[in-house]
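A.B. asks: no FASTA, just this:
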């Protein structure tokens, strides 16, 4: 069993324990359709989460979005944000980053599908004051596997008691934000 297989097993156990009505995993055809609409492949671990665990409905706090759907989903949110960025003087959403979870208040967790490790980013629109959206992007985790391990361990910044602990790292400004946003238009 690989480390990824073990991680997926632990996620499946937690997901089933947290949600009695967990959606079914997506089919291979559903994944192909989603990737065709996105214009790129999902990060391999993210694809496995949707294919092997469930079509969203698990994960930290507000839980992962469904992959496709008429309402809020990974694909519809990505396409809407990229469409708005394509016509904006200052694009807000870089290519290749799919929103996987809404934290509410316009905040999203996103996976960088163009990054080998699938770094997880936090989009927090409150710092925006006109001009570049770069101050709104934060590096939450250097990789999706690490982010998921943090959730499983209950040690993420998003945990209810995180503010009371000294050992919880806060997301830091994403160093690639300016460059990735400049190429987003």
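C.D. replies: Right, received. Where do you want to start? Computed from a predicted model, the values in this text were never measured in an experiment.
A.B. asks: middle-most residue in the chain, spatially?
C.D. replies: residue 110 (2.9 Å; C-alpha atoms, centre = their mean).
A.B. asks: That residue and residue 160: what is the separation?
C.D. replies: In this view, residue 110 and residue 160 are 22 Å apart by C-beta to C-beta, to the nearest Å. For every residue, glycine as well, the C-beta is placed using N, CA and C.
A.B. asks: before we move on, the earlier item: and the residue nearest to the centre of the chain, that one's in a helix?
C.D. replies: No - counting by DSSP: H, G, I helix; E, B strand; the rest coil, residue 110 is not part of a helix but strand.
A.B. asks: Show me which positions of the helix or strand encompassing residue 148 end up buried.
C.D. replies: Taking DSSP states H and E as the definition, residue 148 sits inside helix 144-153. Neighbour counts over helix 144-153 (16 or more other C-beta atoms under 10 Å) mark 144-152 as buried.
A.B. asks: Stretch 80-97 too?
C.D. replies: Buried-residue list, stretch 80-97, by 16+ other C-beta under 10 Å: 81-82, 85, 91-97.
A.B. asks: what does stretch 21-31 give?
C.D. replies: 22-23, 25-26, 31.
A.B. asks: The nearest residue to residue 44 once chain neighbours are set aside: neighbour count?
C.D. replies: What sits nearest to residue 44 in space, not counting adjacent residues and going by C-beta to C-beta, 6 or more residues apart in numbering, is residue 118, at 7.9 Å. By other C-beta atoms under 10 Å, the residues close to residue 118 number 23.
A.B. asks: By residue count, which strand of this protein is the longest?
C.D. replies: strand 97-104 (DSSP state E).
A.B. asks: Direction included, what does that strand pair against?
C.D. replies: strand 107-112 (antiparallel) (DSSP bridges).
A.B. asks: Look up which helix or strand the residue nearest to residue 4 when sequence neighbours are not counted falls in, please.
C.D. replies: Computed as C-beta to C-beta, 6+ apart, the closest residue to residue 4 that is not its neighbour in sequence is residue 45, at 6.5 Å. Residue 45 is part of helix 44-48 when elements are defined by DSSP H and E.
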